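>>> Whatever this is, show me its structure:
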Amino acid sequence: MRILHTSDWHLGRSFHREGLLPAQAAFADHLLEVVEDERVDLVVVSGDIYDRALPQVDAVRLADETFARLAASRARVVLTSGNHDSALRLGFGSRLMDAAGVHVRTDPESSGRPVLLEDRHGPVAVYGLPYLDPQLLREPWQLPARSHEAALSEAMRRVRADLVTRPHGTRSVVMAHAFVAGCAPSDSERDISVGGVSMVSSSLFDGVDYAALGHLHGPHVLDERLRYSGSPLAYSFSEAGQRKGSWLVDLDAGGFTAAEFVEAPQPRPLAVLRGDLESLLSDVTLAGVEGAWVQATLTDDLRPMRAMARLRERFPHTLVLGFEPSTTPLPATPSASSHGRSDHDITLDFVADLRGVPASEAEAALLRDACDACGDDPEADVRLTEAATR
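Below is the predicted model:
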């Protein structure tokens, strides 16, 4: 049996206000091409189909179209809900979709009820474990602790209890949406910690022929049979340099035999740049990232004028700009009291404190105009300044 393991689509998500639906639609096209070209028998999607519990209309439309295309393909499909999904909304109509070969698993109570498939070597039991919220499951499942470890342990107990009832030689695939120890998270993943603890032990999956994990956005191989596919697209600059795609996994009569990573198309590469503005604008070695989405951190001691506009002249897709001076200026000493001081003087102190150097004459004039425009009496600053100097 050939399995395509993917997860964390996050349909509807943007990248620093850049819409990603066209790129997500391109990934769906890619997914269907892989299914046909690689003769995939089973597609598993391990949670976070959507980016939020109430997804936007266009995201729902894309999901509906993708599921319909997968249902018409040569592959069966099992997908589960993640911590970003609404289990109830994603699971609506799941019993009807079962008949079309798209099996949606969002109810924790279904953890021990597999989707059963056959290949020439015999049966394969696919256990789709949705995201398991320890807070919601502690009472109904009588968990010994309010933790992800306890919730997933109980789910896996149910999996094993069912598996022992299956014919000898039945191979098992488990899908889980969790943070398994030994992996590094990305900035774009939502924290699922309970009481400061979010990780679960990889030993929970011992004895399973393949565990298709979701939640982390980078691909990880904890064991040849225990893998994260990661998200198909980058959702934060912390993912720069990560490979994005899906795992193509083969099972034979004895279980897992091989896995190959299939890279997905990306809308743009990511580049994380650091340095003073003039260096970034003149460095010839950066020519290769001029078309990338850019996060730039400027190290100039004095903030350059029109920094973002100037960066975008060379790097038109700069999305994030930060400032970290290479030397720390001595902070200005603000006045202990604003009594008897004009708004203009206070704003000048603020600028000097923020940058470590006073405002220029042009900036001071602009700040005076701004203070005058915001005041009820444009002459108030002048009168207050005169009174303070008497």
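
>>> what number of residues lie near V249?
26 (other C-beta atoms under 10 Å). For the C-beta atoms, the positions are set from N, CA and C on the backbone; glycine is no exception.

>>> Quick check on it: phi, psi?
Backbone torsions for V249, taken as degrees, to the nearest 10, come to phi -120, psi 140.

>>> Buried residues, stretch 81-95. List them.
Residues 81-85, 87, 90-91, 94 are the ones in stretch 81-95 that count as buried (16 or more other C-beta atoms under 10 Å).

>>> what helices or strands is the helix or strand where D64 lies leaning on?
Counting by DSSP states H and E, the element that carries D64 is helix 57-71. Applying 3 or more C-beta pairs under 8 Å, 6 or more residues apart in numbering; DSSP states H and E, we find helix 57-71 packed against helix 21-37, strand 76-80, strand 102-105.

>>> okay, the buried residues of stretch 81-95 in JSON lines with secondary structure and distance to L216 next?
JSON lines is the format used below for these (DSSP: H, G, I helix; E, B strand; the rest coil; distance: C-beta to C-beta, whole Å):
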{"residue": "S81", "secondary structure": "coil", "distance to L216": "16"}
{"residue": "G82", "secondary structure": "coil", "distance to L216": "11"}
{"residue": "N83", "secondary structure": "coil", "distance to L216": "12"}
{"residue": "H84", "secondary structure": "coil", "distance to L216": "13"}
{"residue": "D85", "secondary structure": "coil", "distance to L216": "16"}
{"residue": "A87", "secondary structure": "helix", "distance to L216": "20"}
{"residue": "L90", "secondary structure": "helix", "distance to L216": "20"}
{"residue": "G91", "secondary structure": "helix", "distance to L216": "23"}
{"residue": "S94", "secondary structure": "helix", "distance to L216": "25"}
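
>>> Contacts only, for the closest residue to E290 other than its chain neighbours.
Among residues not flanking E290 along the chain, F315 sits closest, at 5.8 Å (C-beta to C-beta, 6 or more residues apart in numbering). Contact partners of F315, counting by C-beta atoms under 8 Å, 6 or more residues apart in numbering, are 271, 273, 280, 286, 289-290, 292, 294, 296.

>>> and of those, the nearest to V115?
Taking C-beta to C-beta as the measure, V115 lies nearest A292 of these, at 40.5 Å.

>>> can you tell me how far that closest one sits from F261?
Separation of A292 from F261 (C-beta to C-beta, to the nearest Å): 22 Å.

>>> And for R312?
Note on R312: its distance to F261, by C-beta to C-beta, is 34 Å.

>>> same thing with F350?
Using C-beta to C-beta, F350 is found at 51 Å from F261.

>>> Among the two, which residue is more densely surrounded?
Legend: neighbour count by other C-beta under 10 Å for F350 and F261, higher for F261 (17 against 14).

>>> from what I can see that one touches R243, true?
Yes - F261 is within contact range of R243, at 6.4 Å (criterion: C-beta atoms under 8 Å).
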